[in-house]
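Structure, please.
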Amino acid sequence: MSGTSADPARHASADPARRASADPARRELDARVLAWMREARWEPGGADEARFDSLARELFAFQYERCAPYRRLCRARGATPEAIRSWREIPPVPTGAFKEMALRSFPERDTVHTFRTSGTGAGARGELHLDTLALYEASLLPTFERHVLPDLAPGERMPILVLAPSRAEVPDSSLSHMFDVVVRQRGAPGSGFDLDLDRVIRRLGEARGPLALCGTAFAFVHLLERLEARDARLALPPGSRAMETGGFKGRAREVPRAELQARIEERLGLAPERVVNQYGMTELASQFYDSVLRYPGEARRKLGPPWARVRLLDPESGKDVARDAPGIVAVLDLANTGSVLALETADLGRRVGDGFELLGREPGAEARGCSIAADQMLEGAP
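The predicted model follows:
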């Protein structure tokens, strides 16, 4: 098991990847968003709506001015900073557009890091260009803590075993970067990344206290297949939990979420209510998590931080659907200060209480939405 220890020097303010923007207006916006992320208490029930709306509209105006492709899309849709009256009117960009053009709200020369989508085969990969990692890292940690480690005291550490390549192996993976931050900040000694399944199985079998097993959905599938081939079953210590992320569709087969949870229960001894699915994407700085550990006994739903919001859109009109109707998931993320804050995914979702559930992919949504958006963003470009 490769361990990862905290290295405060890597996160010093002198680190170029975490320095403040050179743009005074951007620095002021970043400071306000970061201050929100560092607050210990999150307001319940949408009590922070006015705060979110104000920041979202200010950030939209900033990005409208500085990101030319996004400005062209907004103009084509009749949305300008002067015209919109609510964050719900901010036009979302299909995530597929990140494969077509650089969507940054800062000078290209200020880029310090680029995250890339996994891609499929020889297809284009989406890219998120960053001039600072400060907001990305500040956003991911409190959300992970609240939904994966809700029973730990502030500063308390737990063994975190990650079924994914490390950040050193795939520096352009936002997921590996996220896990790197989590392991360093909340991982107990011995935490780290490991894709040697035999070694992972030995480590799990030797565990004497609660741990968190994290990884992609299909990393879990491969681990479970190794156990099934041996007809082996483990009983992880009480208090353990699993966090899986990514799609359930592999290169040659598809594993439904319910099946994966049942197999985790059978082979690892973790009940479904101890398994948290994360919903995130390369183009976003913030993530959403199943509520089951944070709110045991309540309906399973995806919850995110107060500086992010989800809309469910009608695929034809682009308007919000009725309360109980399914719609395309669109996310507004204030942590996306350096790119665009409003993104339209290709996923279908439905409201569940104060959160949402995923229903699968909307056929052709990404290609259709990206094609229209690309035309609007390229029209009139030099």
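
Please, where are all the helices along this structure?
Using DSSP state H, the helices of the chain run over 24-37, 49-66, 68-76, 134-148, 174-186, 197-206, 217-229, 257-268, 365-378.

Quick one, which of these gets closest to residue 235.
Among these, helix 257-268 comes nearest to residue 235, with 7.9 Å by CB to CB. Using the backbone N, CA and C atoms, a C-beta is placed for each residue, glycine as well.

before we move on, back to that, so for residue 236, which of the helices of the chain sits nearest?
helix 257-268 (5.5 Å).

Buried residues, the closest one. List them.
Using 16 or more other CB atoms under 10 Å as the test for burial, helix 257-268 gives 260, 261, 263, 264, 265, 267, 268.

Stretch 272-285 now?
So, applying 16+ other CB under 10 Å, buried residues of stretch 272-285: 272, 274-285.

Need the contact partners of stretch 352-359.
If you take CB atoms under 8 Å, 6 or more residues apart in numbering as the criterion, stretch 352-359 is touched by 45-46, 279, 288, 291, 298-303, 310, 312, 326, 329, 347-350.

Restricted to buried residues, select these in PyMOL.
A single PyMOL command selects the buried members of these (16+ other CB under 10 Å):
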select buried, resi 279+288+291+300+301+302+303+310+312+326+329+347+348+349+350
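
Can you show me the CA trace of whichever strand in the chain runs longest as PDB?
In the chain, with assignment by DSSP state E, the single longest strand is strand 342-352. The C-alpha trace of strand 342-352 is given here as PDB (Å, rounded to 0.1, in the frame of the first residue of the first chain):
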ATOM      1  CA  ALA A 342     -23.000  27.100 -15.300                       C
ATOM      2  CA  LEU A 343     -22.700  23.600 -16.900                       C
ATOM      3  CA  GLU A 344     -25.300  21.400 -18.500                       C
ATOM      4  CA  THR A 345     -24.500  17.700 -18.200                       C
ATOM      5  CA  ALA A 346     -25.900  14.800 -20.300                       C
ATOM      6  CA  ASP A 347     -27.400  13.100 -17.200                       C
ATOM      7  CA  LEU A 348     -31.100  12.900 -16.300                       C
ATOM      8  CA  GLY A 349     -32.200  13.500 -12.700                       C
ATOM      9  CA  ARG A 350     -35.200  14.000 -10.600                       C
ATOM     10  CA  ARG A 351     -35.800  16.000  -7.400                       C
ATOM     11  CA  VAL A 352     -35.800  14.100  -4.100                       C
END
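
going forward, begin numbering at 29 instead of 1
OK, 29 is where the count begins now, so the last one is strand 370-380.

Now do it: distance to the chain's middle.
13 Å (CA atoms, centre = their mean, to the nearest Å).

next one: stretch 348-367
What separates the centre of stretch 348-367 from the centre of its chain is 13 Å, taken as CA atoms, centre = their mean.

Over to stretch 49-60?
In terms of CA atoms, centre = their mean, the centre of stretch 49-60 is found 23 Å from the chain centre.

picking that back up, closest one of the buried residues of helix 285-296 to residue 350?
residue 289 (29.7 Å).

and that closest one, how far is that from residue 298?
As judged by CB to CB, to the nearest Å, residue 289 and residue 298 stand 9 Å apart.

same thing with residue 51?
Residue 51 is 46 Å from residue 298, where distance means CB to CB.

quick one: contacts for the nearest residue to residue 58 once chain neighbours are set aside?
Distance criterion CB to CB, 6 or more residues apart in numbering; nearest residue to residue 58, sequence neighbours excluded, is residue 365 at 5.6 Å. Counting by CB under 8 Å, 6+ apart, residue 365 touches 54, 57, 58, 61, 87, 90, 133, 163.

can you pick the most crowded of those?
In terms of neighbours by other CB atoms under 10 Å, the contacts of residue 365 top out with residue 87 at 27 neighbours.

okay but it is in contact with residue 369, surely?
Yes. Residue 87 is within contact range of residue 369, at 5.3 Å (criterion: CB atoms under 8 Å).

Please enumerate the shared neighbours of those two.
Listed as contacting both residue 87 and residue 369 by CB under 8 Å, 6+ apart are residue 362.
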